[in-house]
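>>> predicted model and sequence follow; I will ask about them next.
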Amino acid sequence: MNKLSLSKEKIKVVLLEGVHPLAEESFRKDGYNNIHYLKDSPEPAALKELLADAHILGIRSRTLINEDILNACDKLMAIGTFCIGTNQIDLDRACNHGIPVFNAPFSNTRSVAELVLAEIIFLMRGIPQKNAAAHRGQWIKSANSSFEIRGKKLGIVGFGHIGSQLSVIAESLGMKVFFYDIENKLPMGNARNTASLNELLAKVDVLSLHVPSTTETKNMIGKVQMDLMKPGSLLINAARGDVVVIEDLIAQLDSGHIKGAALDVFPEEPSSNADPFISKLIEYDQVIITPHIGGSTQEAQVNIANEVTHKLLKYSNNGSTSSAVNFPQVSIPELQDGQSRIMHIHKNKPGVLEKINHIFSSLGMNIAALHLQTSGEIGYVIMDVNGEDIDDLKVQLKGVDGTVRVRILHGR
Ligand code: NAI
């Protein structure tokens, strides 16, 4: 086990917003026991006080980390968001403070794919309407407009993590899968890609959207696109709220051209569970409305806890910044016994590396391995050296103009 220049017991880990208990458990198992676990997110003044001497911070989506907070966190070296998004953090400022941010972008892929699969089955059977009617005391016992999904054509727009996962499980239930992606994607199983979105629209019985929010995907599915779909088609959006033009969808539902839909995301979503959901869609029984919970399962929470904690530990114990969302990404091997690792974060400007090299040569020290990555305004260089006697080196490196932070790790 490597030793950190600051022992693990002294590294203060702050976990807020009741992140999954597995996170705390994993830190403790790894030897970190200075852990502050809070169920909520403190107000800014209390947050600053809590973070003044903290080294690692774990949050979910409610804790806003802006420049003001970052200025109060002298020792903070990494932030983990135990969720998918990172909008709650000023990522550029965090980077300039030498703080990588880690998240878990794909931990809930399976959860979304499973929900969509269930929705395909329910929409094909007309269950939403029958369920809504039954809740009103009506009994619609009929096979009209009720179909199996076997043999039906599913169109997937965006064949990334979720789209391709959905493809596999839908095909295993007998669906014929077609997809469209702007990137060249390897088809899974017997899925086939189409040359254009329009070709896909015209071909399928159910269309499911799995694209990110970009300028091209904004309003991607409106009247023109829905007109191209077969009469009686079904539409599912569990991607982003602005991908579908809601007014156009409503017109298509009114005409019956789109027979049913399932929406998990909306152009405007309530900001908390206490706020009402306001949409004309609530009048339509044939629309399954879910409150942006496509990825919200216990399994996804566990995956998130494992993934984010693993990334934070890897950075703290090893210096690796692989998959950091705002920081130069460096993936490095374990430190060798008898070596020391110096992690130097600096302003990405000419002359810094030259000065670092000069310090090494003036101390007669040889760099055994060097990893360097820059991104925007920040450079991250990691140097492994033989021996542990590097006190002078550390002092001198800290003095290099442009230095943001220096960390040291010792091999066994
Ligand atoms: P991903 O990045 O793995 O896949 C997205 C795919 O869309 C990529 O293959 C990309 O090439 C493709 N793409 C981008 N622009 C396109 C365009 N204009 N036309 C066709 N294809 C395009 O993303 P992932 O993880 O599969 O997520 C997909 C969507 O699902 C995202 O919008 C994400 O925000 C959303 N999501 C929703 C959740 C929920 O709770 N409802 C949970 C997780 C993700």
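Perfect, I can see it now. Residues are numbered from 1 along each chain as shown.

>>> same question for the lengthiest helix in the chain: list its buried residues.
Ranked by residue count, the top helix of the chain under DSSP state H comes out as helix 298-318. The neighbour-count check on helix 298-318 (16 or more other Cβ atoms under 10 Å) flags 300-301, 303-318 as buried. C-beta coordinates here come from the backbone N, C-alpha and C atoms, glycine included.

>>> so the nearest residue to E334 once chain neighbours are set aside versus V325, what's the distance?
Distances taken as Cβ to Cβ, 6 or more residues apart in numbering put N318 closest to E334, at 6.7 Å, once the chain neighbours are dropped. For N318, the distance to V325 equals 18 Å [Cβ to Cβ, to the nearest Å].

>>> try V243
Counting by Cβ to Cβ - V243 and V325 are separated by 22 Å.

>>> over to L335?
From L335 across to V325, the span is 25 Å (Cβ to Cβ).

>>> the two: who's more crowded?
Taking neighbours as other Cβ atoms under 10 Å, L335 and V325 compare with L335 leading, 22 against 18.

>>> how about the more buried one, secondary structure?
In three-state terms, and counting by DSSP: H, G, I helix; E, B strand; the rest coil, L335 is coil.

>>> quick check, R341 in a strand?
Yes. When three-state DSSP is applied, R341 is found to be in a strand.

>>> please renumber the chain so that the first residue is 587 from this point on.
From this message on, residue numbering opens at 587, which makes the last subject R927.

>>> number of nearby residues for it?
Neighbours of R927 (other Cβ under 10 Å): 26.

>>> who's in contact with it?
588, 904-905, 921, 968-971, 994-997 (Cβ atoms under 8 Å, 6 or more residues apart in numbering).

>>> buried subset of those?
So, by 16+ other Cβ under 10 Å, the buried ones in the contacts of R927 are 588, 904-905, 921, 968-971, 994-997.

>>> turn those residues into CSV, columns for distance to the ligand.
CSV is the format used below for the buried ones among the contacts of R927 (distance: Cβ to the nearest ligand atom, whole Å):
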residue, distance to the ligand
N588, 33
N904, 26
G905, 27
L921, 33
I968, 29
M969, 34
D970, 34
V971, 39
I994, 37
L995, 33
H996, 39
G997, 37
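
>>> any idea which of the residues you listed is closest to D660?
I994 (17.5 Å; Cβ to Cβ).

>>> need the pLDDT of A704.
With respect to pLDDT, A704 scores 98.

>>> what residues sit buried inside the helix or strand hosting it?
A704 is part of helix 695-711, with elements assigned from DSSP states H and E. Applying a neighbour-count criterion of 16+ other Cβ under 10 Å, one finds 695-703, 705-706, 708-711 buried in helix 695-711.

>>> now do it: which elements does it pack against?
Other helices and strands packing on helix 695-711, by 3 or more Cβ pairs under 8 Å, 6 or more residues apart in numbering; DSSP states H and E, are helix 747-758, strand 792-795, strand 819-823, strand 844-849, strand 873-875, helix 884-904.

>>> close to the ligand: what parts of the stretch 637-786 of the chain are there?
Within the stretch 637-786 of the chain, the positions lying close to the ligand (Cβ under 6 Å from any ligand atom) are 670, 692, 694-695, 698, 743-749, 766-769.

>>> closest to S882 out of those?
Using Cβ to Cβ, those come closest to S882 at N694, 7.4 Å.

>>> contacts only, for the closest one.
Taking Cβ under 8 Å, 6+ apart, we find N694 in contact with 670, 880-883, 886, 889-890.

>>> pLDDT-wise, what's the bottom of the residues you listed?
For the contacts of N694, the weakest pLDDT value sits at I670, with 82.

>>> what's the local residue count around the closest residue to that one other than its chain neighbours?
With Cβ to Cβ, 6+ apart as the criterion, I670 has its nearest non-adjacent residue at 5.7 Å, and that residue is P691. Look at P691: counted by other Cβ under 10 Å, it has 16 neighbours.

>>> how near is P691 to A777?
Taking Cβ to Cβ as the measure, P691 falls 23 Å from A777.

>>> hmm, back to that, what is the nearest of the buried residues of helix 695-711 to the ligand?
For the buried residues of helix 695-711, the closest approach to the ligand (Cβ to the nearest ligand atom) belongs to V698, at 4.8 Å.

>>> local confidence estimate at the closest one?
98.

>>> find the nearest non-adjacent residue to it, please.
Using Cβ to Cβ, 6+ apart, the closest residue to V698 is G880 (4.1 Å).
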